[in-house]
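Colleague: Based on what follows, work out the 3D shape:
(one chain, ligands or ions: 2)
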Amino acid sequence: MTDPVLIDELKTLVEPGKVLTDAASLEAWGKDWTKHFPPAPSAIVFPKTVDQVQAIVRWANRHKVALVPSGGRTGLSAAAVAANGEVVVSFDYMNRILDFNAFDRTVVCQPGVVTAQLQAFAEEQGLYYPVDFASSGSSQIGGNIGTNAGGIKVIRYGMTRNWVAGLKVVTGAGELLELNKDLIKNATGYDLRQLFIGAEGTLGFVVEATMRLDRAPKNLTAMVLGTPDFDSIMPVLHAFQGKLDLTAFEFFSDKGLAKILGRGDVPAPFATDCPFYALLEFEATTEDVANEALALFEHCVEQGWVLDGVMSQSEQQLRNLWKLREYLSETISHWTPYKNDISVTVAKVPAFLRDIDAIVTAYYPDFEVVWYGHIGDGNLHLNILKPEDMGKDEFFAKCAVVNKQVFETVEKYNGSISAEHGVGMTKRDYLAYSRSAAEIAYMKAVKAVFDPNGIMNPGKIFAPE
Ligand code: S2G
Ligand code: ZN
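Modeller: Ligands and ions are numbered 1, 2, ... in the order given. Predicted coordinates for the structure are as follows:
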């Protein structure tokens, strides 16, 4: 733990009352949504200005104190967990939208701006911030950038990385860098902005982000289609993608749907019980587009790829159909799921899922497995649910047994062991299944450049040596 004398010095760098050390605060701000590592920070500090962030980083370098960045604490790889006496730097008080430019369609945000706050601001300007996911109501822009968050619209809009016009960062050495100056074109050497996006706070802190906005989508319309098996989902994707400009293409299994319907607050999409469900979305800009979608639905039924389906006819029905998919993460969290967030190129998905499902079923015939994810961009979420009568540690230990097989399969398909949730601490031991030894060495060399004293979120992405 950090020497109390140093914590007293830390208090002089920020406003009164902006360093907390009580047990409840340490517990609350020392963690994210994962449950693998008990939070054990020394203190929580809440800077309000860039100068204060720089002073904190310089203090940490002087005294070799590890810092852990904290945003909305919705992370799923323990990248924001302080498990070893670190000082947590929370951006809860750097949560303002500083500027908006209608011509550039850009918004300057402090890192603590909540994703939903930016989405609502964009809507007020008649524009759209297109990166969306289940936790957007509490996740923060700084954390979204740290993880390069993806979510449900990636098939059309890409990842957070695509929407960062410029960044101001405080490096692990305490220097303030202004990266890319919000330019669309800027061919002046390495784009250092891209290094900080997805770095999980291991190179420095994001202290300001200029985010790009897009035009508002028109008449978004969703369909939920029930399929007889997983393999049928891909020709459905191919058929719809051939004719419509999809804004989303998600899937979930019957077990996932059962958990949602068990809530009692979301209506079933239709009467037919199906093994798998695809949820797709597009802009029904004209009657013709909507009719095209219905024609495609008929075609998929004729081909035997679809058993039943429904298309939203109203905003409310659109929202209800999305609840079937968006409520999954929070709903199944009740069963302390062991999560894998894996991806392959889209064409490889059917064979990949078949292999993974065979492994998991063989190893865990008694565990309930819920599949869902962003199938349109090759990202699968595998959630193994903890049996009510099994302890968490025993359960996680049993699930970890299958990791080697799962990640060997990811490696076989040239996929990623972490598609969008980041590496953090939960996946750091498996990094070599997706990154070569040479790549890992270069990444560590980059970290040494930006964080020479290794104070920035140590133990995240790379296992301690
Ligand atoms: C999703 C949210 C986190 C999870 O729902 O797409 O990324 O895996 C997930 O439960
Ligand atoms: Zn996801």
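Colleague: how would you label the residue in the stretch 201-350 of the chain that ligand 1 sits nearest to: helix, strand or coil?
Modeller: Ligand 1 sits closest to Ser329 of the stretch 201-350 of the chain, with a gap of 3.0 Å, by CB to the nearest ligand atom. Every residue, glycine included, has its C-beta placed from N, CA and C. Following DSSP: H, G, I helix; E, B strand; the rest coil, the label given to Ser329 is helix.
Colleague: Quick check: it touching Ala134?
Modeller: Yes: using CB atoms under 8 Å, Ser329 is in contact with Ala134, at 4.6 Å.
Colleague: for ligand 1, what are the nearby residues on the stretch 251-400 of the chain?
Modeller: Contact residues (CB under 6 Å from any ligand atom) of the stretch 251-400 of the chain with ligand 1: Leu328, Ser329, Lys339, Asp341, His381.
Colleague: Name the residues of stretch 321-338 that are buried.
Modeller: Neighbour counts over stretch 321-338 (16 or more other CB atoms under 10 Å) mark 321-329, 331-332, 335-338 as buried.
Colleague: would you list every one of the strands in the stretch 251-400 of the chain?
Modeller: Along the stretch 251-400 of the chain, counting by DSSP state E, counting those that start in this stretch, strands occupy 276-283, 308-311, 338-343, 368-374, 379-385.
Colleague: The longest one pairs with which strands, parallel or anti?
Modeller: Right, the one you point to is strand 276-283. Note on strand 276-283: by DSSP bridges, its sheet partners are strand 220-227 (antiparallel), strand 246-253 (antiparallel).
Colleague: List the contacts of whatever helix or strand comes next after the first one.
Modeller: To tie it back to what came earlier, the one meant is strand 220-227. Going down the chain from strand 220-227, the next helix or strand is helix 233-243, by DSSP states H and E. The contact list for helix 233-243 (CB atoms under 8 Å, 6 or more residues apart in numbering) reads 225, 227, 246, 249, 251, 276, 278, 280, 282, 292-293, 296, 299-300, 303, 305-306, 346, 349-350, 375-376.
Colleague: as a whole number, average confidence for helix 233-243?
Modeller: The pLDDT scores in helix 233-243 average 97.
Colleague: Now flag whichever of the buried residues of stretch 321-338 is closest to Gly459.
Modeller: Of all those, Gly459 sits closest to Tyr338, with 20.8 Å by CB to CB.
Colleague: which ones are touching that closest one?
Modeller: Going by CB under 8 Å, 6+ apart, Tyr338 touches Asn383, Ile384, Lys386, Phe395, Phe396, Cys399, Ala400.
Colleague: Which members of those occur in helices, if any?
Modeller: The members of the contacts of Tyr338 that map onto helices under DSSP state H are Phe395, Phe396, Cys399, Ala400.
Colleague: Mind giving me the ChimeraX command for buried ones among those?
Modeller: Command for ChimeraX that selects the buried part of those, burial taken from 16+ other CB under 10 Å:
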select :395,396,399
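Colleague: Out of the ones in helices among the contacts of Tyr338, which is nearest to Ala419?
Modeller: Distances from Ala419 to those, taken as CB to CB, are shortest for Cys399 (18.2 Å).
Colleague: Show me what the closest residue to the closest one other than its chain neighbours is bridged to.
Modeller: Distance criterion CB to CB, 6 or more residues apart in numbering; nearest residue to Cys399, sequence neighbours excluded, is Tyr338 at 3.7 Å. Tyr338 has these beta-bridge partners by DSSP bridges: Ile384.
Colleague: Could I get the pLDDT score of Tyr338?
Modeller: pLDDT, Tyr338: 92.
Colleague: ok, Val406 - contacts?
Modeller: Per CB under 8 Å, 6+ apart, neighbours of Val406: Asn340, Ile342, Ile356, Ile359, Val360, Leu382.
Colleague: Tabulate the residues you listed (a markdown table), appending neighbour count.
Modeller: Listed next are those as a markdown table, based on neighbours: other CB atoms under 10 Å:
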| residue | neighbour count |
| --- | --- |
| Asn340 | 25 |
| Ile342 | 26 |
| Ile356 | 24 |
| Ile359 | 16 |
| Val360 | 20 |
| Leu382 | 21 |
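Colleague: As a markdown table, those residues with distance to Ala78 would be great.
Modeller: Shown next, in a markdown table, are the contacts of Val406 (distance: CB to CB, whole Å):
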| residue | distance to Ala78 |
| --- | --- |
| Asn340 | 14 |
| Ile342 | 17 |
| Ile356 | 22 |
| Ile359 | 24 |
| Val360 | 22 |
| Leu382 | 18 |
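Colleague: Closest one of the residues you listed to Asp429?
Modeller: Using CB to CB, the contacts of Val406 come closest to Asp429 at Asn340, 13.6 Å.
Colleague: what does the model give the residue nearest to Val14 when sequence neighbours are not counted for pLDDT?
Modeller: Using CB to CB, 6+ apart and skipping residues adjacent in sequence, the residue nearest Val14 is Gln52, 5.2 Å away. For Gln52, the pLDDT comes out at 98.
Colleague: For Gln52, give its distance to ligand 1.
Modeller: In this view, Gln52 and ligand 1 are 32 Å apart by CB to the nearest ligand atom, to the nearest Å.
Colleague: Tell me the bridge partners for Val170.
Modeller: With DSSP bridges as the rule, Val170 is bridged to Leu176, Phe205.
Colleague: all helices of the stretch 1-150 of the chain, in order?
Modeller: Here the stretch 1-150 of the chain has its helices, by DSSP state H, counting those that start in this stretch, at 4-11, 23-29, 50-63, 115-124, 141-147.
Colleague: Against which helices or strands is the fourth one packed?
Modeller: With contacts defined as 3 or more CB pairs under 8 Å, 6 or more residues apart in numbering; DSSP states H and E, helix 115-124 has these neighbours: strand 97-101, strand 106-109, helix 141-147.
Colleague: Switch the ones you listed over to a markdown table; also include mean pLDDT.
Modeller: A markdown table is the format used below for the helices and strands packed on helix 115-124 (pLDDT from 0 to 100):
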| stretch | mean pLDDT |
| --- | --- |
| strand 97-101 | 98 |
| strand 106-109 | 98 |
| helix 141-147 | 98 |
